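> A structural model of the following input is requested.
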Amino acid sequence: MIVFDLLCASGHRFEGWFGSADDFAGQKKHRLVQCPTCGSADVQRVPSAVRANLGAQPPAQPKVPAKAPEKTPEMEGKDPFAIAQILYSKMLDELLTKSEDVGKQFPQEARKIFYDQAPNRPIRGQATNEEHDELVDEGIPVARFPVPPSDKLN
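As a prediction, this is how the structure comes out:
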């Protein structure tokens with residue numbers, strides 16, 4: 001089978017499948033090739049897009065997290081929602097204990113760290129949506145995390 005890109009006299013572009021170039025020529029001669037849009041038999045071949053077979057691409061390796069969360073004894077027998085809460089709690093604890101809270105100064109401090117004007121360290125704080133977008137536009141890597149207010153933590 002061969003696929004040809006075709007164009008009718010009215011400018012409608014379509015494709016046709018034929019056994020060979022000679023098969024197309026024979027069908028065209030007998031006016032059997034017609035535009036599916038307008039029915040015109042005044043059809044001609046037009047250049048097709050080029051396709052190059054450059055070899056198969058190797059299959060992408062699935063990304064494996066650096067360290068999968070480990071099941072702890074407190075998770076045994078718990079439903080997935082309870083396990084998710086435990087993992088969130090552990091992640092939140094890591095975030096709160098291993099980062100410095102710079103409060104509303106977060107955008108300024110993030111810039112200082114990014115531009116090597118302050119020591120490189122993990123920080124957290126508050127930023128408005130506009131401030132967050134400005135940091136992202138500057139190429140400063142920031143992430144939003146839903147952290148409950150400190151007075152609501154257990």
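> contacts and neighbour counts: CA atoms only from here.
Fine.
> give me the element D23 is part of.
Following DSSP states H and E, one finds D23 within helix 21-29.
> mind listing what's buried along that helix?
For helix 21-29, a neighbour-count test (16 or more other CA atoms under 10 Å) marks F24, K28 as buried.
> the helix or strand just after that helix pairs with which strands, and in what direction?
Helices and strands here follow DSSP H and E; after helix 21-29, the next one along the chain is strand 43-46. The strands beside strand 43-46 in its sheet (DSSP bridges) come out as strand 2-8 (antiparallel).
> and the strand it pairs with, how far out from the chain middle?
If you compare the mean C-alpha spot of strand 2-8 with that of the full chain, they lie 34 Å apart, counting by CA atoms, centre = their mean, to the nearest Å.
> could you pick out the longest helix of this structure?
Here the longest helix in the chain is taken by residue count, with DSSP state H as the criterion, and it is helix 80-97.
> would you tell me what the next helix or strand after that helix is?
Downstream of helix 80-97, the first helix or strand assigned by DSSP H and E is strand 100-103.
> what packs against that following strand?
Here strand 100-103 touches strand 123-125, going by 3 or more CA pairs under 8 Å, 6 or more residues apart in numbering; DSSP states H and E.
> so what touches the strand it packs on?
Under the contact criterion CA atoms under 8 Å, 6 or more residues apart in numbering, strand 123-125 has outside partners S99, E100, D101, V102, G103, K104, Q105, F106, A110.
> how many other residues sit next to C8?
The burial count assigned to C8 is 22, neighbours taken as other CA atoms under 10 Å.
> now it: closest residue in space that isn't a chain neighbour?
Nearest non-adjacent residue to C8, counting by CA to CA, 6 or more residues apart in numbering: V43, 4.4 Å away.
> V33 reaches V43, doesn't it?
Yes: taking CA atoms under 8 Å as the contact criterion, V33 and V43 are neighbours in contact, 7.1 Å apart.
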